[in-house]
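Engineer: requesting a structural model of the entry that follows:
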Amino acid sequence: MKKILEGNRIFKEEGDYQTRYLIFPKEKINTYVDLTGYFVKHGDLNKPVKWYCPDDKYNLTNFVRPEEFDASIYEYIFYTDFGFVRELQKILKPYGFNINNDMSEFLKIKEISREITDFLKMGLIEKDSSLIYPDDFTVVEGYEFEHLGQQYKFIIGEDYGYYCTDITYDYTSNFLQESIIEHYYKDTAKYREYILKTNKGKWYKYYPGDTANNYWIIEDLYEEDLIVLDFKEYIMEKNDSHIIIKKDTLLDIPWPSFIDKDTQYDFYFSNKEFCLQILQEDNKKQLACINGKWKKYTKRVRKGDKVYTLEWEIKWDDLEFLGTSTIGETREEEMSRETMERLLEDIRKNSPIMSM
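Structural biologist: Sure thing, here's the model as predicted:
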């Protein structure tokens, strides 16, 4: 992932039905102040209807760059809570105002008397509700850009409870722990879409967020997604050092030499998994001698163990039990280029993966 994330940061976005990750250019991520509160210009304290109150968790316009907001034009900046509104109701009641403990009702009043204004100023605002800008305000990160004449703003809300954003935390360090070992691509009407496989066995879909590549999106792909994925539509990209680790740089360790050759294993074969292996241009064929016959296998586990134990593994529905043998009765063969091309052609014409 290092090349993909070079000069970028990636953030998790929680959705109703899926989780995805947004990639933003690092140098364009800025800090934003959350203008939650009440802002009263000089001379307007007695005119509640003129107060500026961006106290709305649903609105992205509440978030501004610190240098873009001129706090000097405001005489009072303060916050409210239910206790503030309740005390305000007590102050207003003798003067015939009833706001039903609702601050929005108070903000509809055109003008209040000087006596009420003094009570409001001395009894509530200056008591313990005053705010200093920007020191007393929540500061978050965000990314903003213009595309096709429209302004876009993404706010990283973390766990502040903002309704206007589903973007939570920075996951850059998490993704940098993964390396891409395979990737595929296809060109759509709007962009090029990638399918990525990492060294941790995870699969992702990777594509631009807009036609100008202002940001990129990574989506988790789970086993149910891979089962229905039409690999025939994708091209496997080879030896691209800018995106993918070259396969010949991976360690080729003869693991069987470190395993007890008399240990018994159960062997299984899935034609769909074998076809996927061919599509991934893996020319290694695994063979096991079972009851005196050499048979292709795609999965082996210790005798009696469960076939699938890892969450990310694809549970192939055509898995067939071949029998039991020892690790000493196995071997690996390389398929020739001609054999691979023939198998690839057969799969593209009638892929068993697509019949699932």
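Engineer: for the helix or strand of the chain with the lowest mean pLDDT, buried residues please.
Structural biologist: Sorting the helices and strands of the chain by mean pLDDT, DSSP states H and E puts helix 337-349 at the bottom, at a mean of 78. Across helix 337-349, burial judged by 16 or more other C-beta atoms under 10 Å covers Leu343, Ile347. Using the backbone N, CA and C atoms, a C-beta is placed for each residue, glycine as well.
Engineer: same question for stretch 5-14.
Structural biologist: Buried, per 16+ other C-beta under 10 Å, within stretch 5-14: Leu5, Asn8, Arg9, Ile10, Phe11, Lys12, Glu13.
Engineer: from those residues, which land in strands?
Structural biologist: Among these, DSSP state E puts Asn8, Arg9, Ile10, Phe11, Lys12, Glu13 in strands.
Engineer: okay if I get those residues as a markdown table plus pLDDT and distance to Lys127?
Structural biologist: Output for those, formatted as a markdown table (pLDDT from 0 to 100; distance: C-beta to C-beta, whole Å):
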| residue | pLDDT | distance to Lys127 |
| --- | --- | --- |
| Asn8 | 96 | 47 |
| Arg9 | 96 | 42 |
| Ile10 | 96 | 45 |
| Phe11 | 95 | 39 |
| Lys12 | 93 | 40 |
| Glu13 | 91 | 40 |
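Engineer: just the CA trace of the least confident helix or strand of the chain, in PDB.
Structural biologist: Written as PDB, here are the backbone C-alpha positions of helix 337-349 (Å, rounded to 0.1, in the frame of the first residue of the first chain):
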ATOM      1  CA  ARG A 337       2.900 -21.400 -20.600                       C
ATOM      2  CA  GLU A 338       0.900 -23.200 -23.300                       C
ATOM      3  CA  THR A 339      -1.100 -25.100 -20.700                       C
ATOM      4  CA  MET A 340      -1.800 -21.900 -18.800                       C
ATOM      5  CA  GLU A 341      -3.000 -20.100 -21.900                       C
ATOM      6  CA  ARG A 342      -5.200 -23.000 -22.800                       C
ATOM      7  CA  LEU A 343      -6.800 -23.100 -19.400                       C
ATOM      8  CA  LEU A 344      -7.200 -19.300 -19.300                       C
ATOM      9  CA  GLU A 345      -9.000 -19.500 -22.700                       C
ATOM     10  CA  ASP A 346     -11.300 -22.300 -21.400                       C
ATOM     11  CA  ILE A 347     -12.100 -20.300 -18.300                       C
ATOM     12  CA  ARG A 348     -12.900 -17.100 -20.100                       C
ATOM     13  CA  LYS A 349     -15.300 -19.000 -22.400                       C
END
